[in-house]
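Peer 1: My questions concern the predicted model and sequence given below.
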Amino acid sequence: MDGAKPSLALVYQAVQALYHDPDPAGKERASVWLGELQRSMYAWEVSDQLLQLKQDVESCYFAAQTMKMKIQTSFYELPPETHNALRDSLLTHIQNLKDLSPIIVTQLALAIADLALQMASWKGCVQTLIEKYSTDISSMPFLVEILTVLPEEVHSRSLRIGANRRTEIIEDLAFYSTTVVTLLTTCVEKTGDDEKMLIKVFRCLGSWFNLGVLDSNFMASNQLFMVVFQVLQRDETSTNLHEAASDCVCSALYAIENVDTHMPLAVQLFRGVLTLETAYHMAVAREDLDKVLNYCRIFTELCETFLETTVRSPGQGTGDLRMLELLLICAGHPQYEVVEISFNFWYRLGEHLYKINDPALNTIFRPYIQRLLHCLARHCQLDPDHEGIPEETDDFGEFRMRVSDLVKDVIFLVGSMECFSQLYSTLKDGSPPWEVTEAVLFIMASIAKSVDPENNPTLSEVLQQVVLLPENVHVAVRYTSIELVGEMSEVMDRNPRFLDPVLSYLMKGLREKPLASAAAKAIHNICSVCRDHMAQHFHGLLDIARALDSFALSTEAAVGLLKGTALVLARLPLEKIAECLSDLCAVQVLALKKLLAEESSNGKTADPTVWLDRLAVIFRHTNPIVENGQTHPCQKVIQEIWPVLSDTLNTYQADNRIVERCCRCLRFAVRCVGKGSASLLQPLVTQMVSVYQVYPHSCFLYLGSILVDEYGMEEGCRQGLLDMLQALCMPTFQLLEQQNGLRNHPDTVDDLFRLTTRFVQRSPVTLLSSSIIIHVIQCAIAATSLDHRDANCSVMKFVRDLIHTGVANDHEDDYEVRKQLIGQALGQHGQQLITQLMHSCCFCLPPYTLPDVAEVLWELMLFDRPTFCRWLENALKGLPKETSGGAVTVTHKQLTDFHKQVTSAEECKQVCWAIREFTRLFR
């Protein structure tokens, strides 16, 4: 957008194009242009004029949305003397546009709420609005809308109003909360059965409950909840109204979670919810799933709220176990979506009982868990006409996975062995239909690992019977039985006599397309647990690995099988490992050579990642025990494979995905043999640096960090590794110094600081004495504000470890040199670092990064506390003391308190707590 203010006609044209242009390119152009307008200063005036003209719904919606966005993100653009005029203008617009469209009213209500929260001079806004509009019945809908979004916006992440202003607002809203509830009650009395108005009232009430500012004693004596429960009890209540009433009750239950301090309201809600059982049965009879789900949400929220009371005094007062009966009634509903709502409660109940560890208490709750497990087993049944194996990625497959997780969490209440035996006896003693058998096997697989495998005849019998399953049973039963076998690896480790029949059973599955991946996963599990016993079966595993692509395996299952084979390979005698590893790698190496030959002959691009990933998993998990002085058995094999990997890297150097997989493979090869990879160091570094100059893939930096980790303490390698670092840093800095370079390349930031951190850990003096260190520190300071979890973590770790080298290992010869070099670096950059860190904490970084920042400050303080105190004081002086709306962000006392808390801290976690509290003032 150029510098001039656009005409309204042009804005209309763009809005029309956005909504009505049949050409997608035209829509896109309009969207980009309008986006630029929204970011400009002209947006305020243009939006105001569009709302005044009220030409059509689209232009008014765009204007209302723009107004809301500007107030949320650009309020600082307006001088304080314009705030009153903006407020009056918005109130006029919402009154004039109240009948045009509900979504426009919502956008304007949000704009008014966001303005009220930021505009410190608008005192008692709730009272002002109620006095102005409550007498006019036609203004009631938008008044209630403003009163609904106002509490919701208090904790909005779009508004950085700070903890001081937020506390002031919450106290203000709490003061006027009874006025709001009285207004809502009057509104219900006046509008009677107007459904739209009732929905608005319930939403508004829920919003004030969610903020936690309603007086529970006042609410207990108010008539509004009687209306809410009447609506929920009535059979003829519409879906939308039912949902609003349900949300309102759930919000109220959540708000009184600390039951003892809200007892009158808690008792009223408790009794009210228990009256809804009949209504639930009516909804089931009418097959109204929406209402059934709402009731189950309410019952679950009731149980969550009274969980502590139920565990503390089961069966007494508000610990009434009828709550659990309600949940079990819901669990009996044929639709699995209903029982799923209650999963979190059952998990929390299990967690509570596990911590208390009281057998008498467990006895009380055991029958409920047994009934729940019975329901869950039934819900896990596939349809009788289901064909093929169970789907794991559809909604029902994901539900079964969540059932499996829940069963693992609560099984201790029933007893793993007891439950396992009962499930098995239902199969042994009866002849249930296939879908029941499959569901029972599925639940057995969930708990198999928690059953003690020591001298357990039932487990042995189950294994014996499963491997005897005839091939003509339903394929889903065979699939789940294979999964069960995989979960029983511990039993085979204790009873190796089962390995032969189990492996031959799994081999049958491996040859059948639908069962192949499950069988491969089971073999992988057995290899992981029974590594020593499987050594005698290694050649069988090798045969499978050689013929891997003749089986219909998923990529994950194929890699898993190779992992299992590598784990067993590492347990072979050392003299056999080299030959066997060579055999295991040969298939992948030949495939890579073939691809490279085809590539050069016909120019077609084939994908080598399958083979690279397979080699990577082999190197990663072949970790034999090698004594000092012995040559690593894998060294020769890796040297033989290097030329193929080098060729692959060259051939596909432009493709980031393939280069990344190649580097990953090399990383595990280097890790596999450690110092045994020395002969690769020179050619590998040369090739990395050469390709990186043209294609700066961040994975080269990561691979560099692995090399520094392995060789950085070797005197003869240090200069070469420093040369590598300097050569890699030049293109990296060029990339990161571009506009938004740090934000656009977080992987490069992450991997660069992994590399420099390894240098600090392995050879600090080499790095600190070099000319590159100044540039690295400057880059780190700039990157401290980067809001990216991995990248920020790497930057902070580098800075922390760097400073720590100035105080660590003071008994070593190079201590004085390190201390002096760190002192010089901090003398140049310490103030800038702390100023940037404080700014980043307050305005850029999410709360989860603060412990890392605290560690950096702690290390700075350990290195030189007096200088740190001065730097921190200067940094705090530079922070803004007021918001653009005139509210106090931080008081002088809060600044001095924070300074004192940090500088007098005796451990790092105290610094962390202080930063957490302090940064809330700016959020």
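Peer 2: Looks like it came in fine.
Peer 1: Show residues contacting the helix or strand harbouring residue 686.
Peer 2: Residue 686 belongs to helix 678-694 when elements are defined using DSSP states H and E. Identification of contacts with helix 678-694 by CB atoms under 8 Å, 6 or more residues apart in numbering yields 638-639, 642, 646, 649-650, 653, 659, 666, 670, 697, 700, 703-704, 707, 711, 717, 720-721, 724, 727-728, 731. For the C-beta atoms, the positions are set from N, CA and C on the backbone; glycine is no exception.
Peer 1: Likewise for stretch 730-739?
Peer 2: By CB under 8 Å, 6+ apart, the list of residues contacting stretch 730-739 reads 692-693, 696, 701, 741-742, 744-745, 748-749, 752, 775, 779, 783.
Peer 1: can you do 10 Å?
Peer 2: Residues outside stretch 730-739 that contact it (CB atoms under 10 Å, 6 or more residues apart in numbering) are 689, 692-696, 698, 700-701, 725, 729, 741-745, 748-749, 751-752, 755, 772, 775-776, 778-779, 782-783.
Peer 1: What's the PyMOL line that selects buried ones from these?
Peer 2: Buried members of the contacts of stretch 730-739 can be picked out in PyMOL with the line below, counting by 16 or more other CB atoms under 10 Å:
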select buried, resi 689+692+696+698+700+701+725+729+741+742+745+748+749+751+752+755+772+776+779+782+783
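Peer 1: Give me the subset of the contacts of stretch 730-739 that lies in strands.
Peer 2: Per DSSP state E, strands hold no members of the contacts of stretch 730-739.
Peer 1: Now go through the contacts of stretch 730-739 and say which are in helices.
Peer 2: Cross-referencing the contacts of stretch 730-739 against helices under DSSP state H gives 689, 692-694, 700-701, 725, 729, 741-744, 748-749, 751-752, 755, 772, 775-776, 778-779, 782-783.
Peer 1: How about the secondary structure of residue 785?
Peer 2: Following DSSP: H, G, I helix; E, B strand; the rest coil, residue 785 is assigned to coil.
Peer 1: now it: how far from residue 742?
Peer 2: Distance of residue 785 to residue 742, given as CB to CB, to the nearest Å: 8 Å.
Peer 1: okay, and the common contacts of the two?
Peer 2: Residues touching both residue 785 and residue 742 by CB under 10 Å, 6+ apart: residue 795.
Peer 1: isn't residue 562 right up against residue 588?
Peer 2: Yes: using CB atoms under 10 Å, residue 562 is in contact with residue 588, at 8.8 Å.
Peer 1: The two: which is more packed in?
Peer 2: Neighbours per residue, other CB atoms under 10 Å: of residue 562 and residue 588, the larger number sits with residue 562, 30 against 25.
Peer 1: any idea which element that one lies in?
Peer 2: Assigned by DSSP H and E, residue 562 belongs to helix 555-569.
Peer 1: which residues do residue 562 and residue 588 both contact?
Peer 2: 545, 548, 613-618.
Peer 1: out of these, which are buried?
Peer 2: 545, 548, 613-618.
Peer 1: got those as CSV, with pLDDT, secondary structure and distance to residue 110 columns?
Peer 2: Rendered in CSV, the data for these read as follows (pLDDT from 0 to 100; DSSP: H, G, I helix; E, B strand; the rest coil; distance: CB to CB, whole Å):
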residue, pLDDT, secondary structure, distance to residue 110
545, 93, helix, 60
548, 90, helix, 57
613, 96, helix, 49
614, 95, helix, 54
615, 96, helix, 55
616, 97, helix, 51
617, 96, helix, 51
618, 96, helix, 57
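Peer 1: buried sites along the helix holding residue 562?
Peer 2: 557-569.
Peer 1: Same check on stretch 892-906?
Peer 2: By neighbour count on 16+ other CB under 10 Å, the buried set for stretch 892-906 is 894-895, 898-899, 901-903, 905.
Peer 1: In helices, which of those residues fall?
Peer 2: Filtering the buried residues of stretch 892-906 for helices - DSSP H - leaves 894-895, 898-899, 901-903.
Peer 1: Now distance to residue 340 and pLDDT too, for these, in JSON lines please.
Peer 2: Output for these, formatted as JSON lines (distance: CB to CB, whole Å; pLDDT from 0 to 100):
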{"residue": "894", "distance to residue 340": "46", "pLDDT": "96"}
{"residue": "895", "distance to residue 340": "49", "pLDDT": "96"}
{"residue": "898", "distance to residue 340": "45", "pLDDT": "96"}
{"residue": "899", "distance to residue 340": "50", "pLDDT": "97"}
{"residue": "901", "distance to residue 340": "45", "pLDDT": "96"}
{"residue": "902", "distance to residue 340": "46", "pLDDT": "96"}
{"residue": "903", "distance to residue 340": "51", "pLDDT": "96"}
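Peer 1: ok, those residues vs residue 789, which is closest?
Peer 2: Set against residue 789, the nearest of those by CB to CB is residue 902 (24.3 Å).
Peer 1: Now do the contacts for the residue of the chain most remote from its centre.
Peer 2: The C-alpha centroid of the chain is most remote from residue 135, which lies 47.4 Å away (CA atoms, centre = their mean). Counting by CB under 10 Å, 6+ apart, residue 135 makes contact with nothing.
Peer 1: name the element it belongs to?
Peer 2: Using DSSP H and E, residue 135 falls within no helix or strand.
Peer 1: between the buried ones among the shared contacts of residue 562 and residue 588, which is nearest residue 49?
Peer 2: Among those, residue 613 lies closest to residue 49 (CB to CB), at 59.5 Å.
Peer 1: State the distance from the residue nearest the centre of the chain to residue 798.
Peer 2: Geometric centre of the chain, nearest residue: residue 789, 11.1 Å, by CA atoms, centre = their mean. Counting by CB to CB, the separation of residue 789 from residue 798 is 15 Å.
Peer 1: Please apply the same query to residue 349.
Peer 2: Taking CB to CB, one finds residue 349 at 44 Å from residue 798.
Peer 1: per-residue confidence for residue 739?
Peer 2: With respect to pLDDT, residue 739 scores 94.
Peer 1: So which residues of the stretch 751-900 of the chain form helices?
Peer 2: 764-768, 772-783, 789-804, 815-843, 850-863, 865-877, 892-903 (DSSP state H, counting those that start in this stretch).
Peer 1: For residue 61, find the nearest of these.
Peer 2: Among these, helix 815-843 sits nearest to residue 61 (CB to CB), with 31.3 Å.
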